[in-house]
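Enquirer: I'd like to go over a predicted model; first the sequence, then the structure.
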Amino acid sequence: MASKIENYALLSDWHGSALVSRDGSIDSLCVPRFDSDASMASLLGRDEHGCWSVYPAVEVRKTERRYRPGTMILETDYHCDGGAIRLIDFMPLGEKRHRVIRILEGLEGEVPVDINLMVRFGFGRYTPWVHKQNGDTLLTTAPDSFIFHTPSPLETSPQDISGVVKVKKGARLPFELAWYSVDQKPPAKLDAFQALDSTTRTWTEWAGRSTYRGPYQDVVNQSLLALKAMIYEPTGGIVAAPTAGLPEEIGGVRNWDYRFCWIRDASLTLEALMAGGYSEEAAAWRAWVLNAVAGAPNDLQIMYGVAGERRLSEFELTWLPGYEESRPVRVGNAASDQFQLDVYGELLQTVYKARRLGVPEEPAGLTPGLKLLEFVSQAWQRPDDGIWEVRGGRQHFVHSKVMAWVAVDRFVRLAEEYFAGRREFTDLLPRFRALRERIHRDVCEHGFNTRLNSFTQAYNSEALDASLLLIPAHGFLPADDPRVEGTIRAIEKNLLRDGFVLRYQTEHTKDGLPGTEGAFLACSFWLVDAYALSGRKRDAEELFGRLIGLRNDLGLLAEEYEPRTDRFVGNFPQAFSHLALIHSASVLAGTS
């Protein structure tokens, strides 16, 4: 059984990632390709599905862990009967091969430590060929392989590598696991201690570039580090989460693969990076967005792979038990084929925000933007699948219509504020100003329920939806508009669970799935923003304090929180949660 979600730490080399539990087990190691067979293991199970555990063989009296300041290098101290040890876990930066290095340090006395490495390829399905070569151990299932380096005497079996090592005070024992393709030569081992020093410098230099000086500075900077860890450096793409299959309800069926880049995250990602002064990363992200969406607007997907891959076919891993028996376990994401109108607004919002925030201009982005807008002018009246990617049929979702309005509004603003002298844009302004007004009237007429005194999830509906909290943030209506205030009150009454916000009323929404889910953390941050913008700053600060209090001991947030069991649920760590945190901190600081 895997550990609780909140017990994990994230490691990253800005290409791939690994998750390490509090008890020293690496239960997930992923290389960039989402369909790769090189997942060493999975949070969906241990033992027969693979893990790499390093844990004292005697009773542990106290465990303490932390990231080294300004890094994603994990240090875990185990205080045991007979002594104390430190386990240092990291993925070296600047390497062409994906590696995990673990260093055992003796702090006090002498501690025996159990080590077990059980690799399973193909998301836990395939047992590798384990054999020795020149003193190292190779673990291979074509087309992928690992090489394991260590000076410690461990035993190799057809199933795993294991043994007990005694760690005395002052000792430093390195272990390295490196992935490579079987058509390549195995990579030579690194000097683990030099790699640790180099990786520490690189992380701290990156963290030291942060220019965020507002409230909650430490919290924001830790979230920026987490976001950097989820950026695929070769392209600038950022995954929604480095995990797949973690359930929104323990034992339920709402289990998705989030190892992709969502267009919806584009604007928030850009704002978060610029809030920290990371203009290079912001420009790389914008370039990724423009490259991914190039072509005909009707071919636009809501998500792509980290390199812009479009085929994200969804299938089930029937051999896996699922996280705490939560099945089916899915890889790939069928939502990539959905039509979601709101992403066009997110794209135009990103182009506009980039210009306002000072990201170096990308003239080539204007022509695709105009094509997108022309498509929106024809498609905004169509029903879509909505922000939550429901699988119960298309509707006229209010949030989607609002984002269609955002698409038109941001283009109009770009033309008015930056391109007043360019006739190819200004000649279009009368038509698009009229379209902007038309969409606005339509939403206010069909999306607002006078009986509930609230905007609703879809046209002529009575269901509520947390995405409606974004109406003032996007400038569709001011925060003091009675319809906005009524919507906030309705969401407080119907979507709050123990003070945190649900995405929508599952019992009133045709989402095509049974069961429920936890409180969606990004939605709760949206309520912070709505409170702050409507003058309820004390309520905003109180809720923000509760939300950042949910972070685990390393400052990481999952997708959702289940108040009844006080547990994280959903994929972890979740970029959207950290993006929303940074945005809310900026709103509270008055800088958004």
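Expert: Received, thanks.

Enquirer: quick one: the strands in the stretch 351-500 of the chain?
Expert: Along the stretch 351-500 of the chain, counting by DSSP state E, counting those that start in this stretch, strands occupy 448-449, 454-455, 496-497, 500-501.

Enquirer: mind listing the strands for the stretch 51-200 of the chain?
Expert: Counting by DSSP E, counting those that start in this stretch, the strands of the stretch 51-200 of the chain are 51-56, 60-67, 74-80, 83-90, 99-118, 129-133, 136-141, 144-149, 155-156, 161-168, 172-181.

Enquirer: look up how far Thr204 lies from the residue nearest to Gly208 when sequence neighbours are not counted.
Expert: Nearest residue to Gly208, sequence neighbours excluded (C-beta to C-beta, 6 or more residues apart in numbering): Gly70, at 6.6 Å. The C-beta positions use only the backbone N, C-alpha and C, and glycine is treated the same way. Per C-beta to C-beta, to the nearest Å, Gly70 is found 4 Å from Thr204.

Enquirer: what about the two, which has more around it?
Expert: Neighbours around Gly70 and Thr204, counted as other C-beta atoms under 10 Å, are more numerous at Gly70. The numbers are 17 against 14.

Enquirer: check contacts around that one.
Expert: Trp203, Thr204, Trp206, Ala207, Gly208, Leu225 (C-beta atoms under 8 Å, 6 or more residues apart in numbering).

Enquirer: wait, which of those is closest to Tyr216?
Expert: Nearest to Tyr216 out of the contacts of Gly70 is Leu225 (C-beta to C-beta; 14.2 Å).

Enquirer: I'd assumed Arg209 was in contact with the closest one.
Expert: No. The criterion here is C-beta atoms under 8 Å, and Leu225 misses it with Arg209 at 11.4 Å.

Enquirer: what about the two, which has more around it?
Expert: Leu225 (24 against 13).

Enquirer: for Ser210, grab phi and psi.
Expert: Backbone geometry at Ser210, expressed as degrees, to the nearest 10, gives phi -60, psi 130.

Enquirer: which ones are touching it?
Expert: Neighbours of Ser210 in contact, by C-beta under 8 Å, 6+ apart: Asn221, Leu224, Gly276, Gly277, Tyr278.

Enquirer: same question, Glu59
Expert: Cys80, Asp81.

Enquirer: how far away is it from Val164?
Expert: Applying C-beta to C-beta to Glu59 and Val164 gives a distance of 15 Å.

Enquirer: from what I can see Leu527 touches Phe544, true?
Expert: No. When contacts are counted by C-beta under 8 Å, Leu527 is not listed as touching Phe544 (9.6 Å).

Enquirer: same list, the strands of the stretch 351-500 of the chain, but as a markdown table with mean pLDDT and distance to Gly369 please.
Expert: As requested, the strands of the stretch 351-500 of the chain are exported to a markdown table (pLDDT from 0 to 100; distance: least, C-beta to C-beta, whole Å):
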| stretch | mean pLDDT | distance to Gly369 |
| --- | --- | --- |
| strand 448-449 | 96 | 30 |
| strand 454-455 | 97 | 27 |
| strand 496-497 | 91 | 38 |
| strand 500-501 | 94 | 32 |
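
Enquirer: tell me the most buried of those?
Expert: strand 454-455 (a mean of 26; mean count of other C-beta atoms under 10 Å).

Enquirer: what does that strand rub up against?
Expert: Taking C-beta under 8 Å, 6+ apart as the rule, strand 454-455 contacts 398, 447-449, 464, 468, 471, 483, 486-487, 489-491.

Enquirer: ok, so of those residues, who is nearest Gly251?
Expert: Leu464 (26.1 Å).

Enquirer: number of residues surrounding the spatially closest residue to the closest one that is not a sequence neighbour?
Expert: Spatial nearest neighbour of Leu464, chain neighbours left out: Asn494 (5.1 Å); criterion: C-beta to C-beta, 6+ apart. By other C-beta under 10 Å, 15 other residues sit near Asn494.

Enquirer: now swap in His131 and tell me
Expert: His131 has 11 nearby residues by other C-beta under 10 Å.

Enquirer: which residues does the residue lying closest to it once chain neighbours are set aside contact?
Expert: Excluding the flanking residues, the one nearest His131 by C-beta to C-beta, 6+ apart is Leu138, at 5.7 Å. Neighbour list for Leu138: Trp129, Val130, His131, Lys132, Ser145, Phe146, Ile147, Phe148, Pro186 [criterion: C-beta under 8 Å, 6+ apart].

Enquirer: Leu138 bridge partners, please.
Expert: His131, Ile147 (DSSP bridges).

Enquirer: show only the entries of the contacts of Ser210 found in helices.
Expert: Members of the contacts of Ser210 lying in helices (criterion: DSSP state H): Asn221, Leu224.
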